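In: prediction below, plus the sequence it came from.
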Amino acid sequence: MAFSDQARKMIGTDVRIETRNGIFTGRMVDVKRSTVIMRIDGRRSIIRIAEIIALLSLI
């Protein structure tokens with residue numbers, strides 16, 4: 001199963017994403033072909049899947 005398929009199961013939940021640029025915590029909104037869209041403090045943030053090191057669900 002591809003990363004985007006696994007990430008798609010977490011849409012609508014709070015997640016923590018670790019990237020090369022830092023750690024981001026927020027609600028996952030959508031997963032596109034090469035990006036993950038999150039809502040962090042009311043603002044949409046777009047993170048490239050290629051930069052993601054780890055994805056944690058905060059349920």
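Out: Thanks, I have it.

In: nearest spatial neighbour of the residue nearest the centre of the chain, skipping sequence neighbours?
Out: In the chain, the centroid-proximal residue (CA atoms, centre = their mean) is Val36; its distance is 4.9 Å. Setting aside the residues directly before and after it, Val36 is nearest to Ile47 in space (CB to CB, 6 or more residues apart in numbering), at 4.9 Å. From N, CA and C alone the C-beta is placed, and that goes for glycine too.

In: mind listing what that neighbour touches?
Out: 17, 19, 24, 35-38 (CB atoms under 8 Å, 6 or more residues apart in numbering).

In: so it: helix, strand or coil?
Out: Secondary structure, DSSP: H, G, I helix; E, B strand; the rest coil: Ile47 is strand.

In: for the residue nearest to the centre of the chain, which residues make a bridge with it?
Out: Residues in a beta bridge with Val36, per DSSP bridges, are Val31, Ile47.

In: just the pLDDT for it.
Out: For Val36, the model assigns a pLDDT of 96.

In: can you pull the contacts of it?
Out: Per CB under 8 Å, 6+ apart, neighbours of Val36: 7, 17, 28, 30, 46-47, 49, 52.

In: same thing but at 10 Å, please
Out: 3-4, 7-8, 10-11, 15, 17, 19, 24, 28-30, 45-49, 51-52, 55 (CB atoms under 10 Å, 6 or more residues apart in numbering).
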